[in-house]
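Enquirer: sequence and computational prediction follow.
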Amino acid sequence: MGLTKQYLRYAHVGSFNAVGSSNGAVVAVDHQTCAVTACENVHFYNFRTGEKVASLSESEKQVTCLRLSHNKQFLAIGYADGAIRLFNRQAEDQNECIVFMGHKKGVNCLAFSHDGLTLASGGKDSSIVLWDIVAETGLFRLNGHKESITHVEFTLDDKRLVSACKDTFVKFWDVASQSCFYTLTESRSEIYSFLLLKEDTMLIVATSELELYIFDMTWLSGEEGHLPPGDDGPDSKRPKETQKHLDGPQLLGDCENKFVRVSLRGKVLRQCKGRALQLAASPDGQLVAALGSDRLIDFYRVYTDDEARKRLSKKLRKAKRKAADSGADEGPSSEDVGKDVTLVFARVGEWRAAAKPKWISFAPSQPAQHDDGVLQYRAFCLFVNNSVESLDIKLNAATNEVVVEKAADLEKMGHRGDVRSMSVASHDSLLATGGGNQVMLWNVETFRAANCLQEEGMDDVTAVLFATGDRHIIAATKTGQLFLFEVSTCECLEKRDAHEGPIWALVRLPDNTGFVTASADKKLKFWGYDLVSEGTQKRLTMREKRVLELQDEALCAAITPDGKFLIVGLLDMTATVFFVDTLKFYLSLYGHSMPVTCCTTSPDNKLVVTGSADKTIKIWGLDFGDCHKSFHAHDEAVSAVLFSPSDEMLVWSAGRDGKIRQWDAVKFEAVQKLDRHTAEMRALAQTSNGNMLLTASHDRSIRGWELTEEIVVLQEEEEVEREKLYEEKLADDEDVVAGETKDSEATVAERKSEHTIIATESIIEAIDIVRKERQVDKDDLEHTPHPLYLAYRSASVDHFVLDVIGKIRASYVDRCLLLLPLSYLGDILQAMAGCVANKYKVELASRIALFLIKMHHCHVTNSVEMVPIVGLLRANLPKGIRQIKDTASFNFAALRLLANEIENSQEIRVFSDLSKIEKKQNKKKKQQQEQGTNNKKAVLHTLAA
């Protein structure tokens with residue numbers, strides 16, 4: 001039997017360069033810190049120090065949204081696979097999280113209730129799911145919308161939920177009844193964002209149109225006598241609820257709506273072009289920022305009731321004066337002037353950024369008030385060019401002028417554009433990446449930026465290369481220029497116009513005496529290194545040696561390690577091989593159906609691998625130019641190929657489908673696949689010892705893959721792929737839930753996933769073990785219990801079933817119970833009845849039993865076998881729950897008594913209401929600011945006198 005070839009696995013060890021995703025979000029944590037989505041990570045940046053202070057990475061899927069709770073305790077992160085991870089920032093281990101699986105597609109938006117106990121999520125699957133944070137489980141799913149959900153928000157009392165969708169509707173939901181009680185149909189285009197302002201009495205809606213819709217909302221008590229949102233009782237400062245008489249179609253549409261009246265106040269134009277991406281409000285609700293599809297940010301002022309009355313009287317006087325000047329008999333009435341929407345909401349300014357903004361978030365702290373009455377806000381803005389900036393926004397309340405100043409940025413943490421090329425130094429400790437208008441140097445071990453090389457006129461870098469000695473870097477651009485930089489000083493030593501077209505490749509000569517440039521001007525040039533004198537010192541320079549004329553545009557080039565052959569990939573779908581010494585034609589490699597985009601040569605000088613836009617890679621022999629093998633390697637065009645430096649004849653390929661694959665060029669087998677990137681691949685690089693693979697993608701991330709000692713077994717890899725496809729198919733299949741229909745407005749929150757399927761299989765396995773254990777004669781002393789039963793160390797088989805279910809995540813339990821076959825229902829209910837009778841985990845057992853009886857009510861009530869089980873539950877369940885309540889009440893009373901004794905003996909308060917303390921502190925701070933302003937005004941008056 002022959003020896004089998006062993007392959008070693010490459011494992012992902014980290015990513016860098018991605019400061020913020022172009023389709024991500026930013027959330028302000030405090031005045032100096034913000035959280036930013038970057039691919040599958042959430043980074044925390046401190047703008048005072050300019051460094052990344054923390055990072056959360058719990059999934060391989062891309063982060064799509066994130067939200068911070070109102071008390072700053074929880075951070076919710078939504079992912080592209082529909083998962084939601086909830087992190088407790090006050091926990092000892094902040095990397096521990098609660099996982100919610102409720103959406104089939106990506107999560108678009110998240111919202112916390114004001115009490116921090118409920119989380120709402122909206123997804124691309126047109127559903128809204130509410131989650132119980134305390135119980136770590138789903139509450140219910142709302143199914144009224146028809147398109148992707150774009151925004152959700154709770155009202156102040158947390159009893160209502162407002163949602164916006166691309167189906168042009170804004171819906172109002174009642175959380176208690178799990179139903180929609182009102183739908184706003186004013187918009188005729190897709191809705192992307194909205195704001196609830198002025199204690200939920202003003203609604204601002206942003207659509208794909210160039211107008212913002214402003215609505216007035218009046219909250220009613222309804223039949224149940226509910227107070228309006230935010231009204232906590234008779235001492236509340238909220239205005240008294242009013243009844244509004246409606247006529248015509250509005251009355252017909254609101255005849256069953258007893259909670260809110262919504263009327264269109266007016267529309268306000270935006271200056272930013274395209275659809276409105278986001279609306280963001282300042283903490284005090286006075287300033288609103290609107291983001292569009294260009295670089296402009298519009299700012300709007302929200303006026304208080306007192307300011308609106310002053311503006312009304314001023315506009316009324318102006319209108320009457322104008323009417324008197326024109327000779328009109330009667331001037332406009334206050335009702336006519338009061339209809340003007342700019343009395344309460346008006347555009348006050350704009351700011352044009354250097355790049356297109358994607359998301360903006362105001363710092364939660366109250367604005368700083370200057371002596372001249374200017375309010376200064378702090379905001380964090382995420383841009384599509386992989387940058388985040390801290391902004392100081394100053395609002396002059398008297399003149400309604402807005403001034404935006406950049407306080408800090410993270411320019412040195414990553415490229416502003418795509419990384420097009422990479423080069424590793426010969427000592428393997430430094431990586432050079434080129435993209436946009438800069439070349440950056442990175443430490444390969446720490447993945448930290450070492451230096452940034454920039455020069456005037458260097459735009460669209462397409463290729464980079466370390467020169468001999470690794471002390472200099474050569475950069476090629478799309479304009480056909482070459483730049484020579486010195487690494488130690490970051491100084492550009494030389495700039496040369498090398499080609500008339502874009503330079504697509506820089507290839508080092510094997511003897512390290514120069515390099516080759518391949519360009520779209522149908523020329524390939526050889527360059528050599530030389531030393532020139534500058535004063536008393538000498539520096540490196542580039543000299544053009546030879547020129548090779550090509551029959552078509554060159555897209556890539558490679559040289560064999562022995563320096564004998566030169567391979568050039570052309571636009572005419574062929575790869576041409578030349579002799580390096582004479583530049584004479586040797587072979588033409590034809591077979592691709594689209595242009596050859598990349599090529600590489602094997603370490604033994606015998607093979608050439610080419611990648612093409614036809615999604616294939618081909619392995620060629622240099623002896624006769626024959627094609628050894630052709631692989632359909634990717635689902636999109638192949639963008640890079642690279643031979644490993646070892647003698648194993650392994651080649652990497654990267655495509656625009658975001659996948660990286662490794663192939664055996666001798667046995668013609670697919671070895672492994674790396675798929676952490678979420679966008680098309682741009683470049684590949686590998687260290688000289690082959691221990692580290694570096695990849696760059698359009699998602700702005702550069703990733704490191706380290707060679708491990710884990711052996712890759714090809715048969716196992718194929719089996720894992722098949723199992724993964726099977727599990728994805730199972731998760732996509734719709735399962736039937738008792739009592740639910742396609743038109744149901746509220747359904748079960750959790751969805752089926754591979755995790756719930758695995759957990760369900762563990763429950764089925766446990767019940768099968770219990771069935772066998774119950775069949776065994778108790779007097780059989782030779783019987784050995786099942787190893788899994790022994791591992792749990794459960795007191796009885798009933799306890800064993802509950803212990804197995806208790807090991808499952810709380811957010812998965814409901815869906816797992818729904819996935820169980822009906823034949824296992826009696827066994828679980830019997831086990832739960834036994835646990836309740838023995839007072840073992842009564843709370844969990846009662847929850848499981850009640851959920852199963854609710855879901856299978858018809859079967860339970862009509863089954864004879866269920867009668868004794870239900871009777872046992874009926875007898876023991878109320879007692880067990882009552883005992884838990886009594887114990888909790890007794891302990892709570894004891895704690896209160898202990899707190900009172902401590903307070904009386906030591907004259908201190910053990911527990912205080914934090915909300916009241918914060919209100920007092922804010923009020924005191926505001927009074928001090930006002931007092932300081934008044935004192936300064938008095939001093940100025942005295943000096944003036």
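Expert: Cool, the structure landed. As the structure is a computational prediction, the values presented were derived from the model and not from experiment.
Enquirer: show me the contacts for the spatially closest residue to residue 540 that is not a sequence neighbour.
Expert: Leaving aside its chain neighbours, residue 540 sits nearest to residue 472 (5.4 Å; criterion: C-beta to C-beta, 6 or more residues apart in numbering). (C-beta placed from N, C-alpha, C; glycine too.) Listed by C-beta atoms under 8 Å, 6 or more residues apart in numbering, the contact set of residue 472 reads 466, 484, 485, 486, 487, 493, 540.
Enquirer: residue 474 is in contact with the fourth one, correct?
Expert: It refers to residue 486. No - counting by C-beta atoms under 8 Å, residue 486 does not reach residue 474; the two are 11.3 Å apart.
Enquirer: partners of the helix or strand hosting residue 670 in the sheet?
Expert: Here residue 670, judged by DSSP states H and E, is contained in strand 669-674. Strand 669-674 pairs in its sheet with strand 660-664 (antiparallel), by DSSP bridges.
Enquirer: domain parsing for this structure?
Expert: Segmentation of the chain into domains, based on automatic domain parsing, reads 415-549, 554-720, 755-777+785-885, 912-945.
Enquirer: so which of the ones you listed gets nearest residue 318?
Expert: For residue 318, the closest of those is domain 912-945, at 28.9 Å, according to C-beta to C-beta.
Enquirer: before we move on, back to that, buried stuff in the strand holding residue 670?
Expert: Within strand 669-674, the residues that count as buried by 16 or more other C-beta atoms under 10 Å are 671, 672, 674.
Enquirer: please apply the same query to stretch 513-521.
Expert: Buried, per 16+ other C-beta under 10 Å, within stretch 513-521: 514, 515, 516, 517, 518, 519, 520, 521.
Enquirer: surely the fifth one is in contact with residue 558?
Expert: No - using C-beta under 8 Å, residue 518 and residue 558 do not qualify as a contacting pair, with a distance of 9.5 Å.
Enquirer: which residues are in contact with each of these two?
Expert: With C-beta under 8 Å, 6+ apart as the test, residue 518 and residue 558 both reach residue 507.
Enquirer: residue 138 is nearest to which of the domains of the chain?
Expert: Going by C-beta to C-beta, the one of those nearest residue 138 is domain 755-777+785-885, 6.5 Å.
Enquirer: now the closest one: average pLDDT?
Expert: Domain 755-777+785-885 comes out with an average pLDDT of 85.
Enquirer: now swap in stretch 105-114 and tell me
Expert: Rounded mean pLDDT across stretch 105-114 is 94.
Enquirer: for that stretch, give me every contacting residue.
Expert: Here stretch 105-114 has contacts from 64-70, 74, 76, 78-84, 118-125, 148-154, 156, 158, 161, using C-beta under 8 Å, 6+ apart.
Enquirer: and it, end to end?
Expert: 27 Å (C-alpha to C-alpha, to the nearest Å).
Enquirer: list the buried residues of it.
Expert: Within stretch 105-114, the residues scored as buried using 16+ other C-beta under 10 Å are 106, 107, 108, 109, 110, 111, 112, 113, 114.
Enquirer: mind checking how far it is from the chain centre?
Expert: 11 Å (C-alpha atoms, centre = their mean, to the nearest Å).
Enquirer: flag every buried residue along the helix or strand containing residue 320.
Expert: Applying DSSP H and E as the criterion places residue 320 in helix 305-326. Neighbour-count burial for helix 305-326 flags 308, 311, 312, 315, 316, 319, 320 (criterion: 16+ other C-beta under 10 Å).
Enquirer: next one: stretch 651-660
Expert: For stretch 651-660, by 16+ other C-beta under 10 Å, it's 651, 652, 653, 654, 655, 656, 657, 658, 659, 660.
Enquirer: returning to what we had before: what helices and strands are in contact with the helix holding residue 320?
Expert: helix 334-338 (3 or more C-beta pairs under 8 Å, 6 or more residues apart in numbering; DSSP states H and E).
Enquirer: show me where the stretch 501-650 of the chain has its strands.
Expert: Taking DSSP state E, counting those that start in this stretch as the test, the strands found in the stretch 501-650 of the chain are 503-508, 514-519, 523-534, 537-549, 554-559, 565-570, 574-579, 585-590, 596-601, 607-612, 616-621, 627-632, 638-643, 650-655.
Enquirer: and the first one, what's its mean pLDDT?
Expert: Taken as a whole, strand 503-508 has a mean pLDDT of 96.
Enquirer: quick check: angle from that strand to strand 514-519?
Expert: 160 degrees (axes from the mean of the first three to the mean of the last three C-alpha atoms, to 10 degrees).
Enquirer: and what of the third one?
Expert: Strand 523-534 and strand 514-519 are oriented at 130 degrees to each other (the same axes, to 10 degrees).
Enquirer: and the angle for strand 523-534 with strand 537-549?
Expert: 160 degrees.
Enquirer: buried stuff in strand 523-534?
Expert: 523, 524, 525, 526, 527, 529.
Enquirer: compare residue 486 and residue 474 (neighbour count), which wins?
Expert: residue 474 (27 against 17; other C-beta atoms under 10 Å).
Enquirer: which residues does that one contact?
Expert: Neighbours of residue 474 in contact, by C-beta under 8 Å, 6+ apart: 464, 465, 466, 467, 482, 483, 484, 485, 506, 515, 542.
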